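Participant: The amino acid sequence is not available; the structure is as follows:
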């Protein structure tokens, strides 16, 4: 089952997408966790998270983006420009961060040179940067507009009922992912971080119904599976977007197991459920703005720190890798503060800057991780259980 | 950071230099020439400013007033509000116990007056945990604050979320690093429309509540009315200056462009800016009447539009070079303001702000509208080719001011403009405006030297036949 999910995670137009398209289904790509998949799903469309995997050149990405932009949107643009996203019937780009929001124009302009590479439905979507009442209201109105454009373009109806149904379905997926986390957080971990990442990515690359069906099987299987964590250090991955299973592989090859993460494409989307009782658009607006741990929501560092500390305790993390894609200042700089506060709480951290895309710097990353492993091998075995009293006091203070 | 850099606080050094610089013309010319020899690292920029006569002296005095407030803020029992340039100053000048200090303004002062620019402060930010790819405009001064080499701010205000991540990020980092309360004004991607205006006005009222809480005082209605009235007068003068700037040759001296936006960013609503603008207008009028260009030689070889920001290299060599080449400097695009009546907003009045001083509510709405049209806040919030955004502003300015060429210059931290500057260049060229993208950093010579920039601009001017 996990093999099938890996296939879905490693290929853009995977078997599930092909099957969906074969039956005449429409697919809408989206760039960021701030786009409620529930809405796209309720419109009878397949939401598909845009990614930049498998790029072998940056010739198109670099032609439109500048030299100091992050490689994630550049890789997505590269794929778009070379026609790898022509299976999409629509795409929604948000102002997730400054580089990512410029993907909207770069893709649009690139399509003037690379004809036929822009989906017919193509929208820019503005998401507020704070989660106060008036921004939730504003976002709700934006969501209403999104519903309107989807309905008009795809000649469909997004009813309150269909939205509620989609919310309930996605909540089921979230609940199952929380169960998967419980397994990962246990003393004996039945799934490698690499495989867990495959599951998390697959959640946004196939129909949710199929995903839930498969995840139920995976969780059942893992309940009886042997531990793969024996003698390994338990790491948590934080920072910039990461959907590269090879990257996790490199980390785990050094004798570690990744038991938790807070990254985009990873575990960022399911820590809380959407309220199923209130007005669906209001519930979505409130959920997506108030439960995000993305640093684009400026001014909420303390909330994120508290979330991270809680996760570290639950997952018995021995060390944290704070990585950022070069030119990702949102994560890069916040990693600096996280490093200060987590180290003060007795949690070893390693900061790592890298590029998104094909893992061309495995040697350097391996060496850094080896060094980190060496450091934490002399550290206490698990923060959650055996940290010194002093460290525990600091954690409580934070 | 070197020990000698730690010896004096950044705010004190800037204050000391600018206050002294503002007095050098008070003596005889002989004394002035002798003084210039004593300030080898920034005599060029001081001389370039003071050579302008009365406007130069007023500009220096305005800077001295600003820096004196910052340096002595706690001594005078006031609160220091630190922020970034995208937040309008008017609000803060309407509190009698708040002094606003903006990161970029301090960075520019330091870049122009210190021998090695702000390199050590920038690097200190990285030591503290910032990414090295963050914007140098903030790092240049924030580093000093992180290192404790300036008066510690009492609260922080940032108006960049939705406009510039690295700018907003700098304030968030500073807030957490120094444990200082922070308020962030946020902006939707659109500029106009009821919903957008309402959002911005609500957000602005939340800012006022924050400032009142941390300043421990209430926003004073009479004082605010007086600040806004002054602002309105300033807008009227600027409108006339920009109308005259359209003339060929351009009667505005190149460095007046800096005076205009620096003045607005640092002293909007203050009488010192009004005095400066009145003096500038007299010079521009005289030049226009005489049919002279504003350059030292009185000639105009080319008209340059900086389509993003200017270059703040040590000793302000950018303005010296432009003037020496008889190049007229048109209003720097991202430092444009959108008051009602400004010529580049003609036929786009919905994108402008209007000042209404009739009631407290009307004034607060005006403040919110001013702020949502601040440089960068206005043009960079949405897709570059959407209504009211960067491309439209560039084209409108080009039609009006008739530049011979445009140059893009930003910073290495500028994801937002780098994300589309190639698209802007392509569109501008198709529009008929020769456009050069300079890969350099406006606040950090280490990325590319000023000599490199001059060579590239000169080469471009020759290759494109702008000058022979």
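Facilitator: Sure, I can see it. Predicted, not measured: the structure shown is a model, and the values here were computed from it.

Participant: From now on I want contacts and neighbour counts done on CA atoms only, so please keep to that.
Facilitator: OK.

Participant: what residues does the helix or strand hosting residue A:282 touch?
Facilitator: Taking DSSP states H and E as the definition, residue A:282 sits inside helix A:280-290. Helix A:280-290 is contacted by residues A:34-36, A:128, A:130-131, A:136-137, A:139-140, A:143-144, A:160, A:163-164, A:167, A:273-276 when judged by CA atoms under 8 Å, 6 or more residues apart in numbering or on different chains.

Participant: Now do the buried residues in it.
Facilitator: For helix A:280-290, burial by neighbour count (16 or more other CA atoms under 10 Å in any protein chain shown) applies to A:280-289.

Participant: Return only those of the contacts of helix A:280-290 found close to chain B.
Facilitator: When contact is defined as CA under 8 Å from any CA of the partner chain, the contacts of helix A:280-290 meet chain B at A:128, A:130.

Participant: Buried subset of the contacts of helix A:280-290, written for ChimeraX?
Facilitator: Selection of buried members from the contacts of helix A:280-290 for ChimeraX, criterion 16+ other CA under 10 Å:
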select /A:34,35,36,128,130,131,136,137,139,140,143,144,163,164,167,273,274,275,276
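
Participant: secondary structure element for the nearest residue to residue A:15 once chain neighbours are set aside?
Facilitator: Excluding its sequence neighbours, the residue lying closest to residue A:15 (CA to CA, 6 or more residues apart in numbering or on different chains) is residue A:8, at 7.0 Å. Following DSSP H and E, one finds residue A:8 within helix A:2-10.

Participant: ok, then the element right after that helix?
Facilitator: Taking DSSP H and E, what comes next after helix A:2-10 is helix A:15-22.

Participant: for that next one, packing partners?
Facilitator: Packing partners of helix A:15-22 (3 or more CA pairs under 8 Å, 6 or more residues apart in numbering or on different chains; DSSP states H and E): helix A:2-10.

Participant: Now the helix it packs on: average pLDDT?
Facilitator: For helix A:2-10, mean pLDDT rounds to 94.

Participant: What are the phi and psi values at residue B:436?
Facilitator: Residue B:436 has phi and psi values of phi -110, psi 130 when expressed as degrees, to the nearest 10.

Participant: can you map out the helices along the stretch 201-350 of chain B?
Facilitator: B:221-245, B:254-267, B:271-290, B:317-324 (DSSP state H, counting those that start in this stretch).

Participant: Find me the pLDDT at residue A:381, would you?
Facilitator: So, for residue A:381, pLDDT stands at 48.

Participant: who's in contact with residue A:168?
Facilitator: residue A:276.

Participant: Work out for me the element it sits within.
Facilitator: helix A:160-185.

Participant: and the angle for that helix with helix A:280-290?
Facilitator: Orientation check (axes from the mean of the first three to the mean of the last three CA atoms, to 10 degrees): helix A:160-185 against helix A:280-290 gives 30 degrees.

Participant: buried residues in helix A:160-185?
Facilitator: Using 16+ other CA under 10 Å as the test for burial, helix A:160-185 gives A:162-178, A:180-181, A:183-185.

Participant: what's the answer for stretch A:114-124, then?
Facilitator: Neighbour-count burial for stretch A:114-124 [16+ other CA under 10 Å]: A:114, A:117-119, A:121-124.

Participant: what does it contact?
Facilitator: Contact with stretch A:114-124 is made by A:80-83, A:85-86, A:88-94, A:104, A:107-108, A:111, A:153, as judged by CA under 8 Å, 6+ apart.

Participant: hmm, try it at 7 Å
Facilitator: A:80-81, A:83, A:86, A:88-94, A:104, A:108, A:111, A:153 (CA atoms under 7 Å, 6 or more residues apart in numbering or on different chains).

Participant: And stretch B:17-34, by the same measure?
Facilitator: B:46, B:57, B:60-61, B:63-64.

Participant: Looking at the buried residues of stretch A:114-124, which one is closest to residue B:84?
Facilitator: residue A:124 (27.1 Å; CA to CA).

Participant: Apart from its chain neighbours, what residue comes closest to that closest one?
Facilitator: Nearest non-adjacent residue to residue A:124 (CA to CA, 6+ apart): residue A:93, at 5.0 Å.

Participant: Now do the contacts for the one you found.
Facilitator: Residues near residue A:93 by CA under 7 Å, 6+ apart: A:30-31, A:101, A:104, A:123-125.

Participant: which ones among those residues are found in strands?
Facilitator: When DSSP state E is applied, these are split such that A:30, A:123-125 fall in strands.

Participant: Report the residue ranges of every domain in the chain.
Facilitator: Picking chain A for this. Domains of chain A are assigned by automatic domain parsing as A:24-158, A:230-397.

Participant: wrong one, chain B
Facilitator: B:3-217, B:222-463.

Participant: Could I get the average pLDDT for the longest one?
Facilitator: Averaging pLDDT along domain B:222-463 gives 97.

Participant: Do me a favour and get the end-to-end distance for it?
Facilitator: 57 Å (CA to CA, to the nearest Å).

Participant: Next, see if it gets close to chain A.
Facilitator: Yes - residues of domain B:222-463 are located near chain A by CA under 7 Å from any CA of the partner chain, namely B:383, B:412, B:415-416, B:418-420, B:422-423.

Participant: re the thing from before, which parts of the helix or strand following the helix holding residue A:282 are buried?
Facilitator: Remark: after helix A:280-290, the chain's next helix or strand is helix A:301-314, criterion DSSP H and E. Residues of helix A:301-314 classed as buried by neighbour count (16+ other CA under 10 Å): A:301, A:304-305, A:308-309, A:311-314.

Participant: coming back round to it: for PyMOL, write a command that selects the buried ones of the contacts of stretch A:114-124.
Facilitator: Command for PyMOL, covering only those of the contacts of stretch A:114-124 found buried under the criterion 16+ other CA under 10 Å:
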select buried, chain A and resi 80+81+83+86+88+89+90+91+92+93+94+104+108+111
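
Participant: Most widely separated two among the contacts of stretch A:114-124?
Facilitator: Maximum distance among the contacts of stretch A:114-124 (CA to CA): 22.9 Å, for A:81 and A:153.

Participant: Give me every residue in the stretch 51-200 of chain B that's in contact range of chain A.
Facilitator: So the stretch 51-200 of chain B meets chain A at B:129-131, B:133-134, B:161-162, B:164-166, B:169, B:172-173, B:186, B:188-189, B:199 (CA under 7 Å from any CA).
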